[in-house]
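Engineer: coordinates for the following, if possible.
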Amino acid sequence: MKLGAKISVSMILLALLATLLAAWLAGFTIRRSFDEYVDRNLYYRLDGIRTVLADYYLDKGSWTDVQTVFDSLQLKGHGYGYYGGQAGPMSGRRANGSAMVMGMGSGDVLLLDANGSVVASSDIELLGKPVSEASIGQSLSIKVNDAAVGSLIVLNLQKGVLENEFINSLNKAILWAAVFAAIVALLLGMLISKHLTRPLAMLTNAASRLAGRDLGYRVPVVSRDEIGALAISFNNMAETLERNDRLRKNLIADTAHELRTPLSILRGNLESLQEGVIEASPEIIISLHDEVMRITRLVNELQDISLADAGELRLNRRSVSVDELAEKATLLFSGEAKQKNVNFQVDIQAGMPQIYVDSDRIVQVVLNILNNALFYTQPGGSVKLSAVLQGDSAVFLIRDTGMGIAPEDLANVFERFYRSEQSRHRAGGGAGLGLAIAKGLVEAHGGKIWAESKVNEGSIFSFSVPVSKQTAEKNNITI
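Structural biologist: I've put the predicted structure just below:
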């Protein structure tokens with residue numbers, strides 16, 4: 001069954017259930033109130049007859065020939081009452097002349113004397129017979145001069161015609177209400193199901209197109225509810241898949257490109273050696289060795305990224321001071337900066353606690369970012385390495401006065417093999433793995449890495465690593 005049909009059926013069942021429950025509660029309350037009303041109405045009518053019978057007993061001193069009073073009231077199968085103090089068939093008025101309402105119940109009216117014997121009845125066949133208490137509908141005591149002289153009872157009490165008509169009308173109204181509610185629920189269910197399933201159908205279609213490699217398709221967002229949020233999440237997922245697919249294709253293409261050049265050099269030189277075009281001089285061997293090392297370095301970098309992505313990168317952690325890490329990076333980088341005529345500065349916040357990291361890996365991160373900064377900084381510019389304590393993390397910052405990074409490139413600088421168009425056209429551009437490796441190493445330490453940049457003003461690359469638990473306790477830092 002389709003979702004729309006399920007919603008429609010659910011709406012109908014819910015409406016019917018609610019209608020039946022409301023009808024049962026309303027019917028139960030109305031019937032109970034109606035029965036109480038009928039009982040009170042019958043009591044008032046019987047009270048008028050009791051007055052007539054009490055006057056009769058007061059006048060006669062006994063119940064002798066009281067059956068004649070019953071016969072004159074014509075009680076059999078009718079309502080009970082009299083006109084303005086004069087006995088007669090019930091006409092809808094009480095003894096005080098007030099109008100009576102609703103129909104009149106039917107049943108057998110009996111008069112019992114003080115001993116409980118039937119001395120008068122609307123049905124003469126009941127005279128002298130015992131009375132079953134279970135069949136008594138109502139009972140009124142008759143007193144004369146505060147002495148009980150008998151009781152007036154009604155046997156086999158049943159509702160009158162008007163009462164039954166009222167109950168039947170109530171049942172019909174409940175039935176029609178249920179039918180009307182079902183029709184309304186069906187119409188509303190169809191409208192609601194169509195409204196709800198239309199965006200779901202679009203999502204289904206979009207998922208099918210996405211499975212068919214149409215990664216550029218997006219779902220229209222037509223609402224701001226949960227389905228709208230689902231559509232937005234779906235579009236974000238599609239954008240991520242499209243971006244990852246593009247990066248995957250670039251990864252394959254760039255890997256092939258980075259391997260092609262050294263392999264071509266190796267092949268050319270080896271063929272030349274084999275054919276005797278050139279001799280195996282120390283310079284040729286060093287050149288071949290450099291190309292082999294270039295391929296090895298590329299493969300090692302790709303392996304590091306793969307291990308970092310899989311969470312299997314091994315880290316040799318130990319407590320180390322930030323000054324020691326900065327000194328190692330300075331020793332390895334300052335020569336290159338001086339050679340390019342770039343001013344290199346180091347500024348470490350005083351009193352920095354030790355951090356629990358793999359020192360070689362963190363130095364590798366710093367050098368990767370420094371080399372990237374040096375590459376984009378013109379001679380006469382500057383590169384600055386600084387470190388500060390922020391909360392429970394040590395934050396390293398590398399500032400440069402280079403050309404900066406365009407906003408459209410800034411979000412992708414940590415992707416593997418990603419290089420901006422400027423760097424692609426510059427001689428000596430790297431493979432584009434340095435920042436990707438830095439990102440993997442920082443995240444393997446439980447830290448974060450980010451970049452800020454303005455075109456023609458320079459960039460700031462920052463990364464944070466948590467302070468070790470032992471050092472944090474010494475410095476009253478909560479981890």
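
Engineer: only C-alpha atoms from now on, for both contacts and neighbour counts.
Structural biologist: Will do.

Engineer: centroid-nearest residue for the protein?
Structural biologist: Glu226 (7.5 Å; Cα atoms, centre = their mean).

Engineer: from Ser233, how far out is that one?
Structural biologist: Note on Glu226: its distance to Ser233, by Cα to Cα, to the nearest Å, is 10 Å.

Engineer: ok, Leu370 next?
Structural biologist: 37 Å.

Engineer: can you show me the strands along the stretch 151-300 of the chain?
Structural biologist: For the stretch 151-300 of the chain, applying DSSP state E, counting those that start in this stretch gives no strands.

Engineer: all helices of it, in order?
Structural biologist: 161-211, 226-275, 282-310 (DSSP state H, counting those that start in this stretch).

Engineer: pipe those helices into a markdown table and attach mean pLDDT per row.
Structural biologist: Below are the helices of the stretch 151-300 of the chain laid out as a markdown table (pLDDT from 0 to 100):
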| stretch | mean pLDDT |
| --- | --- |
| helix 161-211 | 78 |
| helix 226-275 | 81 |
| helix 282-310 | 79 |
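
Engineer: any chance of these in a markdown table, with distance to Phe396 too?
Structural biologist: Putting the helices of the stretch 151-300 of the chain into a markdown table (distance: least, Cα to Cα, whole Å) gives the following:
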| stretch | distance to Phe396 |
| --- | --- |
| helix 161-211 | 41 |
| helix 226-275 | 28 |
| helix 282-310 | 20 |
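
Engineer: determine the longest helix present in this structure.
Structural biologist: Longest helix in the chain, counting residues (DSSP state H): helix 3-60.

Engineer: other SSEs contacting that one?
Structural biologist: Secondary-structure packing of helix 3-60 (3 or more Cα pairs under 8 Å, 6 or more residues apart in numbering; DSSP states H and E): strand 136-144, helix 161-211.

Engineer: between those, which one is nearest to Glu336?
Structural biologist: Counting by Cα to Cα, Glu336 lies closest to helix 161-211 out of those; the figure is 48.2 Å.

Engineer: how close does the most far-flung residue of the chain relative to its centre get to Ala206?
Structural biologist: Distance from the C-alpha centroid of the chain peaks at Lys60, with 84.8 Å (Cα atoms, centre = their mean). Using Cα to Cα, Lys60 is found at 100 Å from Ala206.

Engineer: tell me how many other residues crowd Gly150.
Structural biologist: By other Cα atoms under 10 Å, 25 other residues sit near Gly150.

Engineer: can you give me the helices for the stretch 301-450 of the chain?
Structural biologist: Ranges of helices in the stretch 301-450 of the chain, per DSSP H, counting those that start in this stretch, are 322-339, 359-376, 407-410, 421-424, 434-444.

Engineer: out of those helices, nearest to Arg243?
Structural biologist: Nearest to Arg243 among those is helix 407-410 (13.2 Å), distances taken as Cα to Cα.

Engineer: for stretch 129-139, what is the average pLDDT?
Structural biologist: Mean pLDDT, stretch 129-139: 71.

Engineer: what about that stretch, distance to the chain center?
Structural biologist: The chain centroid and the centroid of stretch 129-139 are separated by 64 Å under Cα atoms, centre = their mean, to the nearest Å.

Engineer: please identify the buried residues of that stretch?
Structural biologist: Val131, Ile136, Gly137, Gln138, Ser139 (16 or more other Cα atoms under 10 Å).

Engineer: touching it from outside, list them.
Structural biologist: With contact meaning Cα atoms under 8 Å, 6 or more residues apart in numbering, stretch 129-139 is reached by Tyr43, Ser117, Val118, Ser151, Leu152, Ile153, Val154, Leu155, Asn156, Leu157.
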